[in-house]
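Q: structure for the following, please:
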Amino acid sequence: MPVPSASSAEPNSPRPAPAGLWRDADFRRLWVGQTASQLGEHASLVVLPLLAVLTLHAGAGELGVLRAVGQAPILLLSLFAGAWVDRWRTRTTMVLTDVGRALALGAVAVAGLFGGLGMSGLLVLAFAVGALSVFFDVAYQASLVRLVERDHLVRGNSALEGSRSAAQIGGPALGGALVSLLSAPIAAAFSALFFTLSFLSIRRIRRAETMPERPDEPRTGDDGGTYRTTAPRMWRRIHEGLRFVAGDSVLRVACLASAAFQFSFAAMMTVYLLFLPRELHLSGTVVGLALAAAGPGALLGSLLAARLPSRFGYGTVLVCAATLGDGVFLCVPALHGASAVTVPALLTVGFVFGFGGQLVNVTVMAVRQSVTPDGLQGRAAATITFAGMGLTPLGSLAGGFLAGEWGLRTGLLATAAGMLLSPVVMVLSPLARLGRELPAPHDTPPTAGRTNSPDLTRET
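A: Below is the predicted model of the structure:
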């Protein structure tokens, strides 16, 4: 089914309110597409490194560079992606990024099968897949606000984030299984098929998006002449997103809490991955199980995120879930050796962390979407992502330093305690006082999204 053009529907007409979220065919198409895209993305995170090791015989240094190149777009392009998404239709962005990733992984598969793939080419394609994934992830978060009614935001986010959690569990396992059963190039081709499925589903969304007014659209003045508003440069649009998040008390705290968590979590994981095999003498299989236990917990957190905030209040759920999920790692330094208690305890810690973390993620996303005007959805999401993920390299370095200077057990205790900075920030902020209803949208800055007093330049 072709997507209706902008001229086939009034862009500012009210969206029809579906009787239920899952009875909304357009939401189902978004969910199927996002699920397929997340599976392809997380499968490729395993397929590409395995292809480098098994096909190109890459060493540890080259593999580290490959992973860094694939993750670099998060830092380099998140803010730009937010400005882009706020300016264009999210559906178009998602469809184009799906096509781009399918072509990139298809090129990897073809080149790998015919022996024409080198490490430099793989680095370029890995960066391309990572960059397009940044744009898709920002776009799907912004698309929900333009697609469903405000009352369905929490349930919609719960469904989408549940899919993302399932993809985080199943995607790497599927990618590894495909490489083992077939070959790395064939596994890359299967990952491309997931992006193709996402493309086919999202392009069938029928409902026209309610787009914020673009500042460079022509306008008719009082004298009957045609004018064009002065379009702000990309850096200015990025600055508007940064200023909006920094100036809004709720979003500012969400940004600070995310930054505190990501820094401490990166430091803790650096120590944790050393603590399990060296201090507890656990095998690689058990370490993998301990890490994977967060997945089922995240699925449960996604499901309950649709119900708990409306019953107990958004602020209460955020503070309690963050305290529970972040604080559970304080139990790990008390473990000694591969005893009968150690492995069940680690599985429980991973499950509780996944549950609390995902409950926080879904709830914060709903709050952020609720208070942010449509014209700033992409930039607000990208700004918070950039602020949090931007500190992860420093956190990893800090964790390695503490592990070397203080020892693994003390370093793990210190970094786990640092994760509690995030709920402390929430407790001392307006986030903790949010009630059972989502907050109302906040005002849009005059130069962001909608232009209240446009600078009109005569169009010749």
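
Q: can we go C-alpha only for contacts and neighbour counts from here?
A: Noted.

Q: pLDDT score assigned to Leu153?
A: pLDDT recorded at Leu153 is 75.

Q: give the contact list for it.
A: Residues counted as contacts of Leu153 (C-alpha atoms under 8 Å, 6 or more residues apart in numbering) are 144-145, 366, 369-370.

Q: which of these scores worst on pLDDT?
A: Among the contacts of Leu153, pLDDT bottoms out at Val145, giving 76.

Q: what's the separation between it and Asn157?
A: Val145 sits 10 Å away from Asn157, taking C-alpha to C-alpha, to the nearest Å as the criterion.

Q: who has more neighbours, the two?
A: Comparing Val145 with Asn157 by other C-alpha atoms under 10 Å, the one with more neighbours is Asn157, at 26 against 23.

Q: the more buried one belongs to a helix?
A: Yes - according to DSSP: H, G, I helix; E, B strand; the rest coil, Asn157 belongs to a helix.

Q: and the closest residue in space to it that isn't next to it in sequence, what's its pLDDT?
A: Nearest residue to Asn157 in three dimensions, chain neighbours excluded: Val362, at 6.0 Å (C-alpha to C-alpha, 6 or more residues apart in numbering). At Val362, the model reports a pLDDT of 83.

Q: for Val362, give me its contacts.
A: 154, 157-158, 161, 302, 305.

Q: what is the three-state secondary structure of it?
A: Applying three-state DSSP: Val362 is helix.

Q: ok, Pro185 touching Leu51?
A: Yes - contact criterion C-alpha atoms under 8 Å: Pro185 and Leu51 qualify, at 7.0 Å.

Q: so for the two, which sits in the more crowded spot?
A: Neighbours were counted for Pro185 and for Leu51 using other C-alpha under 10 Å; Pro185 has more, 26 against 23.

Q: so for that one, what's the nearest residue that isn't a sequence neighbour?
A: Excluding the flanking residues, the one nearest Pro185 by C-alpha to C-alpha, 6+ apart is Ala109, at 4.2 Å.

Q: just checking, the one you found is part of a strand?
A: No - counting by three-state DSSP, Ala109 is not part of a strand but helix.

Q: just the pLDDT for it.
A: With respect to pLDDT, Ala109 has a value of 92.

Q: pretty sure Gly411 is touching Ala403, no?
A: Yes - using C-alpha under 8 Å, Gly411 makes contact with Ala403 at a distance of 5.0 Å.

Q: find residues that contact each of those two.
A: By C-alpha under 8 Å, 6+ apart, Gly411 and Ala403 have these common neighbours: Val271.

Q: returning to what we had before: now, which of the contacts of Leu153 lie within helices?
A: 144-145, 366, 369-370 (DSSP state H).

Q: among those residues, who's most crowded?
A: Neighbour tally across the ones in helices among the contacts of Leu153 (other C-alpha under 10 Å): the maximum, 28 neighbours, falls on Gln369.

Q: can you pull the phi/psi pair for Phe386?
A: Dihedral pair for Phe386: phi -60, psi -40, per degrees, to the nearest 10.

Q: who's in contact with it?
A: By C-alpha under 8 Å, 6+ apart, the contact set of Phe386 is 74-75, 78-79.

Q: is it possible to export the residues you listed to CSV including secondary structure?
A: Output for the contacts of Phe386, formatted as CSV (three-state DSSP):
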residue, secondary structure
Ile74, helix
Leu75, helix
Ser78, helix
Leu79, helix
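
Q: where do the helices sit along the stretch 1-150 of the chain?
A: Applying DSSP state H, counting those that start in this stretch to the stretch 1-150 of the chain gives helices spanning 25-54, 60-87, 90-113, 119-147.

Q: so which of these is nearest Asp248?
A: Each of the helices of the stretch 1-150 of the chain has some distance to Asp248 by C-alpha to C-alpha; the shortest is helix 60-87, at 17.2 Å.

Q: just the angle between the closest one and helix 25-54, please?
A: Between helix 60-87 and helix 25-54, the angle comes out at 160 degrees (axes from the mean of the first three to the mean of the last three C-alpha atoms, to 10 degrees).

Q: name the residues of helix 60-87 that come out as buried.
A: Of the residues in helix 60-87, 62-63, 66-67, 69-71, 73-75, 77-87 count as buried by neighbour count, 16 or more other C-alpha atoms under 10 Å.

Q: check stretch 343-354 too.
A: 343, 346-354.

Q: nearest spatial neighbour of Leu117, skipping sequence neighbours?
A: Closest residue to Leu117 apart from its sequence neighbours, by C-alpha to C-alpha, 6+ apart: Ala111 at 4.9 Å.

Q: output the below-cut-off pLDDT ranges for the stretch 101-250 of the chain.
A: 150, 165, 168-170, 172-173, 210-232, 234 (pLDDT under 70).

Q: revised request: answer the last question for the stretch 351-460 of the chain.
A: Within the stretch 351-460 of the chain, the ranges that satisfy pLDDT under 70 run 390, 393, 440-460.
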